[in-house]
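K.L.:
Need a 3D model of the sequence below.
(4 chains)
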2 protein chains.
Amino acid sequence: MSTSPTDGRVRKGDRTRQAIVRRAADIASVEGLEGLSIGRLAGDLEISKSGVFAHFGSKEELQLAAIGAAVDIYIEHVVTPALAAPAGLIRLWRLTEGWIAYSRDRVFPGGCFFFNASAEFDARPGRVRDALAGAWRGWRELLTTEVEAAKAIGEAPADLDAAQLVFELIAFLETANGISMLHDDTSAYTRAGAAIRTRLLDAATDPTALGPLLTDR
Amino acid sequence: MSTSPTDGRVRKGDRTRQAIVRRAADIASVEGLEGLSIGRLAGDLEISKSGVFAHFGSKEELQLAAIGAAVDIYIEHVVTPALAAPAGLIRLWRLTEGWIAYSRDRVFPGGCFFFNASAEFDARPGRVRDALAGAWRGWRELLTTEVEAAKAIGEAPADLDAAQLVFELIAFLETANGISMLHDDTSAYTRAGAAIRTRLLDAATDPTALGPLLTDR
DNA sequence: ATACTGCACGACCGGTCGTACTATTTAATG
DNA sequence: CATTAAATAGTACGACCGGTCGTGCAGTAT
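P.N.:
Have a look, this model is predicted:
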């Protein structure tokens, strides 16, 4: 007999599983994906070690699940809110604002999950690194899409190098995260915000029109 | 009686100690400072585990020694060569060029040692994080000094925000390192170089005079 | 020759890791 | 109510971890 979609056992399992990956992502943002241990995770959640393990079958699978959970949280906190803004430079600005809030407010206790995880795995080939690289690509493509949209509607000149602009924006965001974490210094976010605004106004066809729209909220 | 400075035993001990920390820094750049294990290190160097351990007394001390070794290597590859250039924007440019070479040529097999180590420890208070934060401060102050020198000799306007410029330069460098490591994509260094050059010319009092001096080597 | 010093060694400690295998509990179904 | 399947618990394993200890040995000083 196959599983019913409302099977209480499965629902309970799913809830546990979700609780595990959510906590795993939090821990990994501080201790790293490798430092994340199944026993520690089980202790925190007051479940048995084997209960945790059974959900994933291997540590690597747990790490991949944690990355998936982190992507969901990232989308929820950074991407979705910005989608309310019109496509183009304004939405791009909102994305960076959302990102700064996501990092500054420590949605993950260790700061940006992907900053930490990528630094940890960028020199270790395998499925974990591939998953992280894919997440990064998605984020970069999202930003690039907005720059292209800005070009399409005349907000930005057609010869603007979108990839270069996106590179620079991401650089400001990630570095603000790193500095603020290492030195407990939130002024890095102010610097990043200033740099981003300058870059955006620089890229705009009509800076005087865009300027007032780039407001903090 | 105390030890003579030319004691053969001490010299030999110093040599092995140096070999250990140098290898430790290499491994840590890939596996992380926590992933670095004394046993693994001993196996690689074909010395006994306790022989390695005796030099440091604790794992944390070994980690701190590895950071010290990394600082030395960093200075040797990035700072010292740039000191040949005249103080100011040109030396600043040479410093960034040296940094890109240091990262691109994988002086550490895992890319920039401090990028990896900082991301690993930025959320874990303790002596290791303090040491890393200190190293970062030194690097930032070095760059800031050059910006101030540029202002003092009129290369840059007196109202230039040095800290902001340094923040942006570091952002480009670190992000290039991260992207190139994660995606095996050296084009990030080209982007960083372009962004830095633009930023420097932007900051210069006389960009047309500075431009020709910012040559690749 | 003798006493001393410092490095490196092998054996071993308790503890934790990821993982496997075997109950037991819980809930849906016939 | 009996059966079945899924979630969870319990237990044990081999490997490795950081760290301790006593010892051997080579270089130095007297």
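K.L.:
CA atoms for contacts and neighbours, from now on please.
P.N.:
Will do.
K.L.:
Do stretch A:119-135 and DNA strand C come into contact?
P.N.:
No. Figure legend: stretch A:119-135 not in contact with DNA strand C (C-alpha under 7 Å from any atom of the strand); closest approach 13.4 Å.
K.L.:
how far does that stretch stretch from start to finish?
P.N.:
Distance between the two ends of stretch A:119-135: 14 Å, counting by C-alpha to C-alpha, to the nearest Å.
K.L.:
Show me what counts as buried in it.
P.N.:
Residues A:119-124, A:128-133, A:135 are the ones in stretch A:119-135 that count as buried (16 or more other C-alpha atoms under 10 Å in any protein chain shown).
K.L.:
Tell me which helix or strand residue A:91 sits in.
P.N.:
In this structure, residue A:91 sits in helix A:89-104 according to DSSP states H and E.
K.L.:
Out of the buried residues of stretch A:119-135, name the ones that lie in strands.
P.N.:
Using DSSP state E, no member of the buried residues of stretch A:119-135 falls within strands.
K.L.:
Output the contacting helices and strands for the longest helix seen in chain A.
P.N.:
Counting by DSSP state H, the longest helix found in chain A is helix A:127-152. Here helix A:127-152 touches helix A:59-74, helix A:89-104, helix A:113-121, helix A:162-183, helix B:162-183, going by 3 or more C-alpha pairs under 8 Å, 6 or more residues apart in numbering or on different chains; DSSP states H and E.
K.L.:
host element of residue A:21?
P.N.:
In this assignment (DSSP H and E), residue A:21 forms part of helix A:8-31.
K.L.:
Can you pull out the residues in contact with that helix?
P.N.:
By C-alpha atoms under 8 Å, 6 or more residues apart in numbering or on different chains, the residues outside helix A:8-31 that reach it are A:34-36, A:41, A:45, A:52, A:55, A:62-63, A:65-67, A:69-70, A:108-113, A:116-117, B:120, B:123-124.
K.L.:
On the three-state scheme, residue A:196 is what?
P.N.:
Three-state assignment for residue A:196 (DSSP: H, G, I helix; E, B strand; the rest coil): helix.
K.L.:
What's the separation between it and residue A:80?
P.N.:
In terms of C-alpha to C-alpha, residue A:196 sits 20 Å off from residue A:80.
K.L.:
When the two are compared, which one has more neighbours?
P.N.:
Of the pair residue A:196 and residue A:80, residue A:196 is the one with more neighbours under other C-alpha atoms under 10 Å in any protein chain shown, namely 22 against 13.
K.L.:
Quick one: neighbours of the nearest residue to the more buried one once chain neighbours are set aside, just the number.
P.N.:
Among residues not flanking residue A:196 along the chain, residue A:169 sits closest, at 6.1 Å (C-alpha to C-alpha, 6 or more residues apart in numbering or on different chains). For residue A:169, the count of nearby residues is 25 (other C-alpha under 10 Å).
K.L.:
how near is residue A:169 to residue B:164?
P.N.:
The value you get for residue A:169 to residue B:164, if C-alpha to C-alpha is used, is 15 Å.
K.L.:
got it, and residue A:188?
P.N.:
Distance from residue A:188 to residue B:164, counting by C-alpha to C-alpha: 9 Å.
K.L.:
again, but for residue A:164
P.N.:
Residue A:164 sits at a distance of 20 Å from residue B:164 (criterion: C-alpha to C-alpha).
K.L.:
Neighbour count: residue A:188 and residue B:164, which is higher?
P.N.:
Set residue A:188 next to residue B:164 and count neighbours by other C-alpha under 10 Å: residue A:188 wins out with 23 against 16.
K.L.:
ok, now which ones touch the residue nearest in space to the middle of chain A?
P.N.:
Nearest residue to the geometric centre of chain A (C-alpha atoms, centre = their mean): residue A:74, 4.1 Å. Contact analysis of residue A:74 by C-alpha under 8 Å, 6+ apart lists residue A:102.
K.L.:
And the pLDDT for it?
P.N.:
Looking at residue A:74, its pLDDT stands at 98.
K.L.:
From residue A:82, how far out is it?
P.N.:
Distance from residue A:74 to residue A:82, by C-alpha to C-alpha: 12 Å.
K.L.:
near chain B, which residues of chain A show up?
P.N.:
Listed as neighbours of chain B in chain A under the rule C-alpha under 8 Å from any C-alpha of the partner chain: A:30-32, A:110-111, A:115-116, A:118-124, A:129, A:133, A:164, A:167-168, A:170-172, A:174-175, A:178, A:181-183, A:191, A:195.
K.L.:
Kindly recompute the last result at 6 Å.
P.N.:
A:30, A:110, A:116, A:119, A:122, A:123, A:171, A:172, A:175, A:181, A:182 (C-alpha under 6 Å from any C-alpha of the partner chain).
K.L.:
in terms of contact, does the last one touch residue B:122 like I think?
P.N.:
The one in question is residue A:182. Yes. Applying C-alpha atoms under 6 Å, one finds residue A:182 in contact with residue B:122, separated by 4.4 Å.
K.L.:
Check which element follows the helix holding residue A:21 along the chain.
P.N.:
Downstream of helix A:8-31 (by DSSP H and E), the next one is helix A:38-45.
K.L.:
where's the residue nearest to the centre of chain A relative to residue A:80, distance?
P.N.:
9 Å.
K.L.:
ok, now residue A:14?
P.N.:
Taking C-alpha to C-alpha as the measure, residue A:14 falls 24 Å from residue A:80.
K.L.:
Output stretch A:182-190 as PDB, nothing but the C-alphas.
P.N.:
What follows is stretch A:182-190, C-alpha atoms only, in PDB (Å, rounded to 0.1, in the frame of the first residue of the first chain):
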ATOM      1  CA  LEU A 182      35.000  39.600  12.500                       C
ATOM      2  CA  HIS A 183      35.200  43.000  14.200                       C
ATOM      3  CA  ASP A 184      31.600  43.300  15.600                       C
ATOM      4  CA  ASP A 185      31.500  46.500  13.600                       C
ATOM      5  CA  THR A 186      28.200  47.400  12.000                       C
ATOM      6  CA  SER A 187      29.600  50.400  10.300                       C
ATOM      7  CA  ALA A 188      30.700  48.100   7.500                       C
ATOM      8  CA  TYR A 189      27.000  47.900   6.400                       C
ATOM      9  CA  THR A 190      26.900  51.700   6.200                       C
END
